[in-house]
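Visitor: Need the 3D shape of this:
(one chain, ligands or ions: 1)
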Amino acid sequence: MIRIDSLTKRYGDLAAVDDVTFTALPGRVTGFLGPNGAGKSTTLRVLTGLAVATSGRATVLGRRYADLPNPGLEVGVLLDASAQHGGRTGRETLVLAQRTMGLAPARVDEMLELVGLTRTEGRRRVRDYSLGMRQRLGIATALLGGPRVLVLDEPANGLDPAGIRWMRDLLRGFADAGGTVLLSSHLLAEIETIADDIVVIGHGRIVASGTKSDLLAGAGTLVRADDGRGLAAALVAAGHQASLGPDGTVLTDADPATAGRAAFAAGLAVTELRAADGAGLEEMFLQLTADDQRDPALARAAAPATTSGVPS
Ligand SMILES: Nc1ncnc2c1ncn2[C@@H]1O[C@H](COP(=O)(O)OP(=O)(O)OP(=O)(O)O)[C@@H](O)[C@H]1O
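Guide: Predicted structure coming up:
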């Protein structure tokens, strides 16, 4: 289990992470979702002891990362696949980690095989690896010590579609076997296909979190009319929460039939009406995390779908 508790990390005046609290549970894949600069990497860096928190606490399996005697045996970490030493071969990279962790040498070849790097590729220098191959090597290093927890920052970067499917299956299997997976991404679609629980961060703050199904179920209804502003006002006047998105669609917490009736009562012709589902989640993600598009009404509309943390 991973616990992030009232975590704040400041760089001068900037609160890169601002009072963030959430939990990643065993047996589940938790997606940590946010746009560029939202504070995902900073949170993961504090969690893995690479940055010091200004306040609050981050623990893995009940302890701070720095207090784990042989961390690689407890938690596998991949924060930046391109940061691996370019002058070493993939195999050497794994051998070094294997010796540092005090593992049997056979683990190296097992891991190369597991991540789909051939013997020939294992003998090539990392500087000659594609980004996708570096991700695979990074995942091999993370899994080497047989940890119960995985922390991955944008692990799908550089992977081709088959690679993404491979990684998804690998992480699913890891969680199904009782492991805890926390992975970050700025891509909703990626998180949506892989995660059981989703934590959305924007401008250093958690803006929504819960199970994926809760977030999807609470995504509401998307309605469009020629007069979007009038439509949003009519829905609010009828007692619903509604917000006008940048593309003219209105996201409301009313069900589709109720939203359609409210528009009809206001004399507005509806040109599109559907359950928001994933589109609603995307809309919510975009609006809750982008300063210039943020709309307090939408934040309120999203509120019933959110919880203070991933349910335990
Ligand atoms: N060492 C640092 N010094 C100063 N500011 C920093 C430092 N590290 C991160 N920041 C700032 O903190 C904020 C959060 O950055 P962070 O890298 O955590 O975002 P992110 O969500 O991981 O983004 P991305 O998806 O682009 O990787 C950004 O405004 C970034 O510029």
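Visitor: Next SSE downstream of the lengthiest helix in the chain?
Guide: When the chain is parsed with DSSP state H, its longest helix is helix 161-176. Remark: after helix 161-176, the chain's next helix or strand is strand 180-185, criterion DSSP states H and E.
Visitor: That following strand - what's its average pLDDT?
Guide: In this model, strand 180-185 carries a mean pLDDT of 96.
Visitor: Any stretches of this protein with poor pLDDT?
Guide: 217-218, 277-281, 283-284, 287-312 (pLDDT under 70).
Visitor: Which residue ranges of the chain form helices?
Guide: Counting by DSSP H, the helices of the chain are 40-47, 90-101, 106-114, 119-122, 131-144, 161-176, 188-194, 212-217, 228-237, 256-265, 277-289, 296-302.
Visitor: To A58, which of these lies closest?
Guide: helix 40-47 (4.3 Å; Cβ to Cβ). C-beta: built from backbone N, CA, C; applies to glycine.
Visitor: Please list the outside residues in contact with the closest one.
Guide: Applying Cβ atoms under 8 Å, 6 or more residues apart in numbering, the external contacts of helix 40-47 come out as 2, 4, 7, 9, 16-17, 20, 32-34, 51-53, 58, 60, 65, 79, 151, 153, 182, 184, 186, 201.
Visitor: Just the buried residues of the residues you listed.
Guide: The neighbour-count test (16 or more other Cβ atoms under 10 Å) marks 2, 4, 7, 9, 16-17, 20, 32-34, 51, 53, 58, 60, 65, 79, 151, 153, 182, 184, 186, 201 as buried among the contacts of helix 40-47.
Visitor: Sort out for me which of those are in strands.
Guide: Members of the buried ones among the contacts of helix 40-47 lying in strands (criterion: DSSP state E): 2, 4, 7, 9, 16-17, 20, 32-33, 58, 60, 151, 153, 182, 184, 201.
Visitor: check contacts around the residue positioned nearest the centre of the chain.
Guide: Geometric centre of the chain, nearest residue: F32, 2.3 Å, by Cα atoms, centre = their mean. For F32, the contact set (Cβ under 8 Å, 6+ apart) comprises 40, 43-44, 182-185, 199, 201.
Visitor: The residues you listed: which ones sit near the ligand?
Guide: Near the ligand, judged by Cβ under 6 Å from any ligand atom, the entries from those are K40.
Visitor: What separation do you get for G34 and the ligand?
Guide: 5 Å (Cβ to the nearest ligand atom, to the nearest Å).
Visitor: which non-adjacent residue is nearest that residue?
Guide: Nearest residue to G34, sequence neighbours excluded (Cβ to Cβ, 6 or more residues apart in numbering): I201, at 3.8 Å.
Visitor: Surely the one you found and V20 touch.
Guide: Yes - under the contact definition of Cβ atoms under 8 Å, I201 touches V20, with a separation of 6.9 Å.
Visitor: Tally up the residues packed near the closest residue to L171 other than its chain neighbours, please.
Guide: Spatial nearest neighbour of L171, excluding adjacent residues (Cβ to Cβ, 6+ apart): V181 at 5.2 Å. Using other Cβ atoms under 10 Å, V181 has 28 neighbouring residues.
Visitor: L170 is in contact with V181, correct?
Guide: No - at 9.7 Å, V181 does not count as touching L170 under the criterion of Cβ under 8 Å.
Visitor: list the contacts for G248?
Guide: 224, 228.
Visitor: Roughly how far does it sit from G228?
Guide: When distance is defined by Cβ to Cβ, to the nearest Å, G248 is 5 Å away from G228.
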